[in-house]
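1. Structure of the sequence below:
(one chain, ligands or ions: 1)
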Amino acid sequence: MQIVGHICSTLLYSVASVALLSFVFMMPYVLNEYRSKSHDAFKQFMNEVPVYVLTMLSVIKRWVLHTKRGKAFAIYFLLLVNGFVPLLVTTLFAITFVVYLAWELRDTRKRKICEEYIDMGPIKADYTMAEYHETMTQIGQVSELTASQFSILSHAGFGGLPFVPNSILDVGCGAGWLSYKLQDRYPDCDITGIEINDEAIKFAAKQAHKNKKTPTFRLIEHPDLREPDKSVDVITCSLVVHHIPTEEDIIELLRRCGKVARKAIIISDLERNGLSTIMFRHVMAPLFNNKITKHDGELSVRRSFTETEYKSFLTKAGYKPNQYTINWRPVNWFIITILL
Ligand SMILES: C[S@@+](CC[C@H](N)C(=O)[O-])C[C@H]1O[C@@H](n2cnc3c(N)ncnc32)[C@H](O)[C@@H]1O
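-> The predicted structure is shown next:
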C-alpha cells in the first residue's frame, strides 16, 4: 500500500516538475504577452484566457522562487506529499528532463531551410490529393484552435484599423479559411484570395459558405505579387512568409505589398523558437496521422523567423518602425500590421 502511495506521489511530483519547468521556459513569452496586452475588449480577453492562466501560474512560480514564505511552503508541500525517496527520484527525473531539453533545443533553434511537402507537390513528396486536402483542413483547425485567425481579425488589424475595408487581397490564401472569415466579418467587402497552388484554389472555391457574397479565388502564375499598384485597400498574408524560398524574395514580396495595398498590410506567421519546435514534435505531431501535417508542421516552425529577423525584413523592404507593429500572440505567432 505504501509502495503504491509512493509511486502515485512520485508520478504526481514528476508531472508537477515538468509543469514547473515548462513555465520557466514559457516565462519570456508570458511576460512579453503581458506587456503588449491592451485590456479594452471582451473578445480580446476571451482570446487571451490562456495567457491569463499562464500569467497567474507565473505569479505562483515567482512567489515560490522569490519569497522565503513561498519557498518554505513549496518545500513543506513537496516533503509532505512525497517523502524523501520520491523527491530524489523526481529530482533526477527533472535533471534528466532538463538535459534532454537542452540537447534538443541546441539543434532546434537554428533555421532549417529544407522544403515543405506542400511546396514540393504530390509527385516529389509522394502524397495523395486526399492527404493534401486533409492537411489543408488541419491548417484551418490549428489556426482556429490557436485563435490566430481571430487575432488577425481583431487584435492586430481590422478591429483596430480606423476604416472599414472595401477590398482585401488574401495572398497565399491556401484553403481559404481566412478569406471566408474576412467575408463573414465584412459581408460587403470584395475579397480575393490568390494562390500559386491550383489544388488549394480548387479546394478553397468548394468550401461551404453562408454569406451572399463570397470571396473570389484566383490562381497566380508568379510568386512575386504582380497585382496592379494601389489596387486593394488591405492585403492579408497568413502563414505564407515562411514558405518563401529566399530572404530576398521575402523582402521583395513585402515591398510589393506596400505598392499594391492602399491602406494596410497584415502579415501573420509563426515565431521560430526551439520550444515551439519541441512542443510540436512531442505534443502536436502525435495528434495527427497525416504525413504532410507531421512533416510540414514542425518544419513550418523551423522555417519561420524571430522578431528581430521580421524587423530586419521590414526595414530592408523600406518600412519605418513607426509604420508597423509586431504583436506576439499565443501560441508563438506574430501579427505584423503595416499602416500605409
Ligand atoms: C500554410 S498555407 C497558408 C494558407 C492560408 N493563408 C491560411 O492561413 O490558412 C501557405 C500557402 O501559401 C502559398 N504560397 C506560398 N508562397 C506563395 C506566394 N509567393 N504567393 C502566393 N501564395 C503562396 C502556398 O501554396 C500555400 O498554399
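2. Alongside the ligand, which residues does the chain contribute?
-> 118, 139-140, 143, 171-174, 177-178, 194-197, 200, 223, 238-240, 243-244 (CB under 6 Å from any ligand atom). Quick note: C-beta positions are derived from backbone N, CA and C, even for glycine.
3. could you redo the last one with a cut-off of 5 Å?
-> When proximity is defined as CB under 5 Å from any ligand atom, the chain approaches the ligand at 139, 172, 174, 177, 196-197, 200, 223, 238-240, 243.
4. which residues of the stretch 51-200 of the chain score low on pLDDT?
-> 51-52, 54-55, 80-83, 85, 145-161 (pLDDT under 70).
5. where exactly do the strands run in it?
-> 167-171, 190-195 (DSSP state E, counting those that start in this stretch).
6. Could you do the stretch 201-340 of the chain as well?
-> 216-219, 232-238, 261-270, 324-329, 333-339.
7. What are the buried residues along stretch 303-315?
-> Across stretch 303-315, burial judged by 16 or more other CB atoms under 10 Å covers 303-305, 310-311, 313-314.
8. Ok, stretch 59-72 next?
-> By 16+ other CB under 10 Å, the buried positions in stretch 59-72 come out as 61, 64.
9. gap between the two ends of it?
-> One end of stretch 59-72 to the other measures 16 Å (CA to CA, to the nearest Å).
10. follow-up on the earlier one: quickly compare the strands of the stretch 201-340 of the chain and say which is most buried.
-> Among the strands of the stretch 201-340 of the chain, strand 232-238 has the highest mean neighbour count (mean count of other CB atoms under 10 Å), at a mean of 25.
11. between it and strand 167-171, how many degrees?
-> Strand 232-238 and strand 167-171 are oriented at 30 degrees to each other (axes from the mean of the first three to the mean of the last three CA atoms, to 10 degrees).
12. Just checking the distance from strand 232-238 to the centre of its chain.
-> Taking CA atoms, centre = their mean, to the nearest Å, one finds the center of strand 232-238 at 18 Å from the center of the full chain.
13. strand partners of it, parallel vs antiparallel please.
-> strand 167-171 (parallel), strand 261-270 (parallel) (DSSP bridges).
14. Dump those strands to a markdown table, plus distance to residue 64.
-> Shown next, in a markdown table, are these (distance: least, CB to CB, whole Å):
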| stretch | distance to residue 64 |
| --- | --- |
| strand 167-171 | 46 |
| strand 261-270 | 32 |
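15. By proximity to the ligand, which residue of the chain wins?
-> Taking CB to the nearest ligand atom as the measure, the point where the chain comes nearest the ligand is residue 174, at 2.4 Å.
16. thought that residue was touching residue 201?
-> No. Using CB atoms under 8 Å, residue 174 is not in contact with residue 201, being 9.2 Å away.
17. Comparing those two, which shows the higher neighbour count?
-> Under the criterion of other CB atoms under 10 Å, the comparison of residue 174 against residue 201 puts residue 174 first, with 25 against 21.
18. if we can go back for a sec, biggest separation within the residues of the chain next to the ligand, which pair?
-> 177 and 223 (20.3 Å; CB to CB).
19. which of those two has more neighbours?
-> residue 177 (24 against 16).
20. any idea how far residue 193 is from the more buried one?
-> Between residue 177 and residue 193 the computed distance is 10 Å (CB to CB, to the nearest Å).
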